[in-house]
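Novice: I would like to see how this sequence folds:
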Amino acid sequence: LIMLPTLGIGDMNNLYKWLLNLNSVVMPLRYLWVFVAFIAVVRLAQKYKPEYVFIRNKPLAMTVGIWCFAFTA
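Specialist: From the prediction side, this is the model:
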């Protein structure tokens, strides 16, 4: 599906620019999933006891996770 638009691109420079633009959109989106997972782990910490806790204060951890998600989005 990603390779289909590349068939209409003429030279290597345009292909490189197109891939660079695609990368600038896709890469930040993957971090959104990281922050969603962080928020889910914080919310489920009472049900499942984690071995390691990054931020022990739950409201602060939720604030950090939501802020990171909003800043990335």
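
Novice: show me where this protein has its helices.
Specialist: In order along the chain, the chain carries the following helices (DSSP state H): 12-43, 58-72.

Novice: now render those as TSV, adding distance to Glu51 and mean pLDDT.
Specialist: All C-beta atoms are positioned from the backbone trio N, CA, C, and that covers glycine. As requested, the helices of the chain are exported to TSV (distance: least, CB to CB, whole Å; pLDDT from 0 to 100):
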stretch	distance to Glu51	mean pLDDT
helix 12-43	12	86
helix 58-72	16	93
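
Novice: okay, the ones you listed, which one's buried deepest?
Specialist: Highest mean neighbour count of these: helix 58-72, a mean of 14 (counted as mean count of other CB atoms under 10 Å).

Novice: give me the contacts around that helix.
Specialist: Counting by CB atoms under 8 Å, 6 or more residues apart in numbering, helix 58-72 makes contact with Pro28, Tyr31, Leu32, Phe35, Val36, Phe38, Ile39, Val42, Arg43, Ala45, Phe54, Ile55, all of which sit outside it.

Novice: so which residue is smack in the middle of this structure?
Specialist: Tyr31 (1.5 Å; CA atoms, centre = their mean).

Novice: which non-adjacent residue is nearest it?
Specialist: Leaving aside its chain neighbours, Tyr31 sits nearest to Thr72 (5.1 Å; criterion: CB to CB, 6 or more residues apart in numbering).

Novice: mind checking which of the helices of the chain is nearest Lys49?
Specialist: The closest of the helices of the chain to Lys49 is helix 12-43. By CB to CB, the value is 11.5 Å.

Novice: if we can go back for a sec, so which of the helices of the chain gets nearest Pro50?
Specialist: Distances from Pro50 to each of those were compared using CB to CB; the shortest belongs to helix 12-43, at 6.9 Å.
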